[in-house]
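> Below: sequence and its predicted model.
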Amino acid sequence: MDTIIIRGGGDIATGIGHRLYMAGFKVVMLDIEKPLAIRRKVSFCEAIYMGEIAVEGVKAVLAKNLDEIYNTIDIGAIPVCVDEKGEIINRLNPMVVVDSILAKKNLGTTKNMAPITIGVGPGFEAGVDVDLVVETKRGHFLGKVIHNGKAENNTGIPGDVMGYKEERIIRASANGIFKSYYDIGSKIEAGEIVGETGGIKIPAKISGILRGIIKEGLYVKEGLKIGDIDPRGIEDYAYTISDKARAVGGGVLEGIMYLMRGRRF
């Protein structure tokens, strides 16, 4: 009953999971069979490919059934399960469900899934399909807990880093299998070819550190965001939770504690 399930396993979901774990909660994460996380070094869903991953001292382990989930929790790690539809939620009977899929729409999370439900970002309405919503848009209200209403709509414009927005995003050049030319953490110069999709090369628009890139070998569609160059050029940023993920994680923690106090768990 004291378990928190997080739907999604990318970098924002991982920032949430890490913060909740460090606050003493038991955390279980659910994701799709082939996650498209970009910041893979700080995404617990990478355990689906690698078997396990550690992010800032917290280990996540792939768990394939209920016994493995409980065993992973017992050893002090976070279980990561392939469960796109959240079918295991009823069997785990969690105290909280957090939807951090970041699909910009609700893919099926409802208030009856748990005593406390929280939607992260656009696509949810507090008091209707979830209890609370946490703002994900960068700016003054990042991480704000919304008790009534919705998060701000997705603008499709990436956040500003040193004056760069869309320029720092790497997008698939064509439909096809992605091939990477560099590892996360590599230094990239503007104009260098960072990879290819469908045999069409992808040049970097700016110089910086490759903060994230999707896993090689995945099929992607033209225009999909598949990577991120950080113009600040600080390699450590590729391996640590972002300010945005920490802020959103703080909002989720605040929301849970607020509702736990009011409902006297």
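Arrived safely.

> which residue sits closest to K64, ignoring its sequence neighbours?
Of all residues beyond its chain neighbours, the one nearest K64 is C81 (7.3 Å), with distances taken as Cβ to Cβ, 6 or more residues apart in numbering. Yep, even glycine has a C-beta here, placed from its N, CA and C like the rest.

> The helix or strand containing that neighbour pairs with which strands, parallel or anti?
Using DSSP states H and E, C81 falls within strand 78-82. According to DSSP bridges, strand 78-82 has the following sheet partners: strand 26-31 (parallel), strand 58-62 (parallel).

> can you list the residues that contact it?
The contact list for strand 78-82, computed with Cβ atoms under 8 Å, 6 or more residues apart in numbering, reads 9, 17, 21, 27-33, 44-45, 47-48, 58-64, 68-69, 72-73, 88.

> So which bits of whichever helix or strand comes after that strand are buried?
Counting by DSSP H and E, the next helix or strand C-terminal to strand 78-82 is helix 89-92. Along helix 89-92, the positions that meet the burial threshold by neighbour count (16 or more other Cβ atoms under 10 Å) are I89, L92.

> centre of the chain versus helix 89-92, how much separation?
On the basis of Cα atoms, centre = their mean, to the nearest Å, helix 89-92 is displaced by 21 Å from the centre of the chain it belongs to.

> what packs against that helix?
strand 3-7, helix 66-74 (3 or more Cβ pairs under 8 Å, 6 or more residues apart in numbering; DSSP states H and E).

> Y258: which of these is closest?
For Y258, the closest of the helices and strands packed on helix 89-92 is strand 3-7, at 14.5 Å, according to Cβ to Cβ.

> Weed out the non-buried ones from the contacts of strand 78-82.
For the contacts of strand 78-82, buried by 16+ other Cβ under 10 Å: 9, 17, 21, 27-31, 44-45, 47-48, 58-63, 69, 72-73, 88.

> Show me the strands in the stretch 51-200 of the chain, by range?
Ranges of strands within the stretch 51-200 of the chain are 52-55, 58-62, 78-82, 96-99, 116-120, 125-126, 132-134, 145-146, 149-150, 169-171, 176-180, 187-188, 193-197, 200-203, based on DSSP state E, counting those that start in this stretch.

> Nearest to L210, out of those strands?
Nearest to L210, of the strands of the stretch 51-200 of the chain and by Cβ to Cβ, is strand 187-188 at 5.4 Å.

> Tell me which residues are up against the closest one.
Y182, V194, A204, S207, G208, I209, L210, I229, G233, E235.

> Can you tell me which of those are buried?
The buried subset of the contacts of strand 187-188 (16+ other Cβ under 10 Å) comprises Y182, V194, A204, G208, I209, L210, I229.

> Among the residues you listed, name the ones in strands.
If you go by DSSP state E, the buried ones among the contacts of strand 187-188 have V194, G208, I209, L210, I229 in strands.

> and which of the buried ones among the contacts of strand 187-188 is nearest I38?
Distance to I38 across those (Cβ to Cβ) is lowest for L210, with 10.0 Å.

> Surely that closest one is in contact with I226?
No. Judged on Cβ atoms under 8 Å, L210 makes no contact with I226 at a distance of 11.3 Å.
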